[in-house]
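> Show me how the following folds:
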Amino acid sequence: MIKILTDSVASIPADVAREAGIDVVTLFVNREGCEYADSEMDLDAFYADIYDMVDNIPTSSQPSQHTLEAVFEEAARAGDEVLGIFISSELSGTYEGAVRAARAVKARNIDFTYVIVDSTSCGYDEAWPVFDAVAARDAGEDLAGCAAAALRGIESTRFLFTPETLTFLQRGGRIGNAAALLGNLIQLSPVLTVSDGKADTFAKVRTRKKALDRIVTEFKKDVEQHGLKHVVVHYIGDKAPAVAWAREVVEPLIGRTVSVLPVSPVIGLHVGPAVGLAYECASALAGKISGPVQARACAS
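All right, here's what the predicted structure looks like:
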C-alpha cells in the first residue's frame, strides 16, 4: 500500500484527510508557555484574539526527529511505501527532517521505499498536490506515478493573499519598521504569494479592496489561460470577511460553491489577519517554480 503523508500546515481539515486516506504529521504552536498541536486546534477559537497576539507573537515548532522516524518505521514494518509531501523547505525544516527520518528508517529496513517531496508552499497551495497524489494512488498508479502527479500539481498551483495590516510582518522581522509604518500610513496593501518556496510580493496596491480586486484579476487570468481544477478561499483571523468575499465575489465568478478554510497558525501568525485564494489550474503556471520540479523530491 502507498501511504500518503503530509503535515498540518497544509491546512487540510481532519475529516477530509481521513476520508481521503491522508496521514498528517502535526506541527506545534507555542503561546505563553503552552504548546498546541496544530492539527488538533480549533483555529477559529485561536484566531479570535489574534490582534492581542501582535506584541507577543506565538512561535511554532516542527515535528521531532523521533516522531517522524516513528511514522516511517510503522509504514516500513507494515510493508507500505510512503509518499511524503511537506511544507516548503524555505519556510520550515520539516522537509529536511522527513528526509533524514526516512533515510534512517531505510538503513534499518532495506526494502522500505519512499519519496519525499518539497511542496514549495503551505496551506492549500501545499494541499492540492497532496490530493493529486491521492487521486493517482486511487487510480492505481505506483509510487513513482503518485509522486509525478504531486510534482505536476506543484507547478500548477498558486497562493495569493493580502494582509489586513503590515504590523505582524514587521513584528516578525519580515519587513522593517519604517516600511511597515509607511505602508500602514498610506494604506499599502501588498498581494503576497509563494514563489520557489519563498514568500514573495506579487503586487503592491493602495487599499485592501484594490488588493482583493487584484487577486481576482490574476485568478481570472490564470483560469482563462490554464483552466481551473480547484480553489479555496483562505483566511487568517476573522472568518466573516472571507465568507462574504467567497459568496459575493469568488463564487459568482466561477459558478460553484467554494470552501472557506483557515490557514494553519504556523504560517498565519507571521502574516496576521488576511484573506486570499489557493487554487490549482490544469497546467503549469508561470512564476511558481523555476528550474526542474523533479529537484524538489528525494527518493530512496
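> which element follows the host helix or strand of Arg214 toward the C-terminus?
For Arg214, the element it lies in under DSSP states H and E is helix 208-226. As assigned by DSSP H and E, the chain's next helix or strand after helix 208-226 is strand 228-236.
> how far out from the middle of the chain is that next one?
11 Å (CA atoms, centre = their mean, to the nearest Å).
> Offset the numbering so it begins at 48, please.
In the new count, where the first residue is 48, that last one comes out as strand 275-283.
> Tell me which residues of that strand come out buried.
The neighbour-count check on strand 275-283 (16 or more other CB atoms under 10 Å) flags Leu275, Lys276, His277, Val278, Val279, Val280, His281, Tyr282, Ile283 as buried. In this view, the C-beta of every residue, glycine as well, is placed from N, C-alpha and C.
> could you give the angle of that strand to helix 255-273?
160 degrees (axes from the mean of the first three to the mean of the last three CA atoms, to 10 degrees).
> Parallel or antiparallel, which strands does strand 275-283 pair with?
strand 306-309 (parallel), strand 321-328 (antiparallel) (DSSP bridges).
> for the ones you listed, which one sits closest to Trp292?
strand 321-328 (6.0 Å; CB to CB).
> what's the domain layout of this protein?
Dividing the chain into domains by the TED database, as the record does, gives the ranges 48-200, 203-326.
> picking up where we left off before, name the nearest of the buried residues of strand 275-283 relative to Phe249.
Of all the buried residues of strand 275-283, the one with the least separation from Phe249 (CB to CB) is His281, at 14.6 Å.
> show me where pLDDT drops low in the protein?
Low-confidence segments of the chain, defined by pLDDT under 70: 217-234.
> can you map out the helices along it?
61-67, 90-94, 112-125, 141-155, 170-185, 190-202, 214-218, 224-232, 255-273, 287-292, 298-301, 312-318 (DSSP state H).
> Val164: which of those helices is closest?
Closest approach to Val164 among those (CB to CB): helix 190-202, 5.4 Å.
> packing partners for the closest one?
Using 3 or more CB pairs under 8 Å, 6 or more residues apart in numbering; DSSP states H and E, the elements in contact with helix 190-202 are strand 49-54, strand 128-133, strand 161-165, helix 170-185, strand 344-346.
> neighbours around the closest residue to Val263 other than its chain neighbours, how many?
Closest residue in space to Val263, ignoring its immediate chain neighbours: Val296 at 6.2 Å, by CB to CB, 6 or more residues apart in numbering. For Val296, the count of nearby residues is 15 (other CB atoms under 10 Å).
> Val296 and Ile104, how far apart?
30 Å (CB to CB, to the nearest Å).
> how near is Leu138 to Phe208?
14 Å.
> and Val252, how many neighbours?
Counted with other CB under 10 Å, residues neighbouring Val252 total 18.
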